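Undergrad: Below are the sequence and a predicted model; questions follow.
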Amino acid sequence: MKILLAEDDRTIASGLEYSLQQEGYETILCHNATIAKAMMNSKIDEIDLCLFDLSLPDGSGYELCEQVKKLADLPVIFLTAYDDEVNVVMGLDMGADDYITKPFRIRELLSRIRSVLRRYHKQTHSTNLIKIESIQINTLTGKVFKHDQEVLLTALEYRLFLIFANHIGQVLTRAQLLDRIWDVAGDFVNDNTLTVYIKRLREKLEHNPQSPTIIKTVRGMGYKVGD
């Protein structure tokens, strides 16, 4: 599930992007209306929901909402510092599906996103189903499949792979991985143990473990999944 986010406040944008990605959403982050419009024109078929700040340096969320509604039937949520009735009604009349007033709690925003997606009959499988090449992770059942055949993973192997899957395209250092998994089973996981678990994951998931394409080693930096 991919979300187009237009927010000019870089601190807010960075926090939102991180929180959305932690929940399994992909994000396209734009800091102004010009870039957001370009992304809509080139990637409209990939976008599932739009989050628009009403006040942008070179335009407004109203303009973006109007454009996206012309291009596709996509849900739009406004992020606004204004909670007066005129602004709210104007946004809803233009086709926005919801709005949330700054400052807001991230859990509230995530709840509203899920609610809007349900209304659009697009309750996401991406929060429950993550696909990486021939691999699928069903986070609802905690099962992993390769070519539709279940792959049996230990609790720690599953947790480690889920960390990778929630950070597709990002390089994760060994220190970052150790910090996230050391207490999964209440036991300390050392560097050598991490190496063993990554080797096991590759043996179970890769077509050719000696030349991995899913869990890649970035020399001198760490590991990453995907592009």
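TA: Yep, that arrived.

Undergrad: Mind jotting down where the strands sit in this structure?
TA: Per DSSP state E, the chain has strands spanning 2-6, 26-30, 49-53, 55-56, 59-60, 76-80, 98-101, 129-132, 135-138, 143-146, 149-151, 215-218, 222-225. These are given in chain order.

Undergrad: Sort out which residues of stretch 147-161 are buried, please.
TA: When neighbours are counted by 16 or more other C-beta atoms under 10 Å, the buried residues of stretch 147-161 are found to be 151, 153, 156-161. C-beta here means a position set from N, CA and C on the backbone, and glycine is covered the same way.

Undergrad: re the thing from before, minimum distance to Lys204: which of the strands of the chain has it?
TA: Across those, Lys204 has its closest neighbour in strand 149-151 (5.3 Å, C-beta to C-beta).

Undergrad: Within the sheet, what are the partner strands of the closest one, with directions?
TA: Sheet pairing for strand 149-151, assigned by DSSP bridges, gives strand 143-146 (antiparallel).

Undergrad: surely Leu29 meets Ala13?
TA: Yes - the pair Leu29 and Ala13 passes the contact test of C-beta atoms under 8 Å, sitting 5.9 Å apart.

Undergrad: who touches both of those two?
TA: Overlap of the contact sets of Leu29 and Ala13 (by C-beta atoms under 8 Å, 6 or more residues apart in numbering) consists of 5, 7.

Undergrad: center of this structure - which residue?
TA: Using C-alpha atoms, centre = their mean, the residue of the chain that lies closest to the mean C-alpha position is Tyr25, 2.3 Å off.

Undergrad: if I look at the nearest residue to Lys43 once chain neighbours are set aside, how far off is Leu20?
TA: Taking C-beta to C-beta, 6 or more residues apart in numbering as the measure, Lys43 lies nearest to Ile28, with 6.6 Å between them; neighbours along the chain are not counted. In this structure, Ile28 and Leu20 are 11 Å apart, going by C-beta to C-beta, to the nearest Å.

Undergrad: which residues touch the closest residue to Leu129 other than its chain neighbours?
TA: Across the structure, with C-beta to C-beta, 6+ apart as the measure, the residue nearest Leu129 apart from its sequence neighbours is Asn138 (5.7 Å). With C-beta under 8 Å, 6+ apart as the criterion, the residues that contact Asn138 are 128-129, 144-145.

Undergrad: Name the residues linked to Asn138 by a beta bridge.
TA: Partner residues in beta bridges with Asn138, using DSSP bridges, are Leu129, Lys143.

Undergrad: so what's it scoring on pLDDT?
TA: In the predicted model, Asn138 carries a pLDDT score of 85.

Undergrad: Measure how the lowest-mean-pLDDT helix or strand in the chain sits relative to strand 49-53, angle-wise.
TA: Per-element confidence for the chain was summarised using mean pLDDT, DSSP states H and E. The lowest value among helices and strands belongs to helix 85-93, with a mean of 74. Compare the direction of helix 85-93 with that of strand 49-53 by axes from the mean of the first three to the mean of the last three C-alpha atoms, to 10 degrees and you get 160 degrees.
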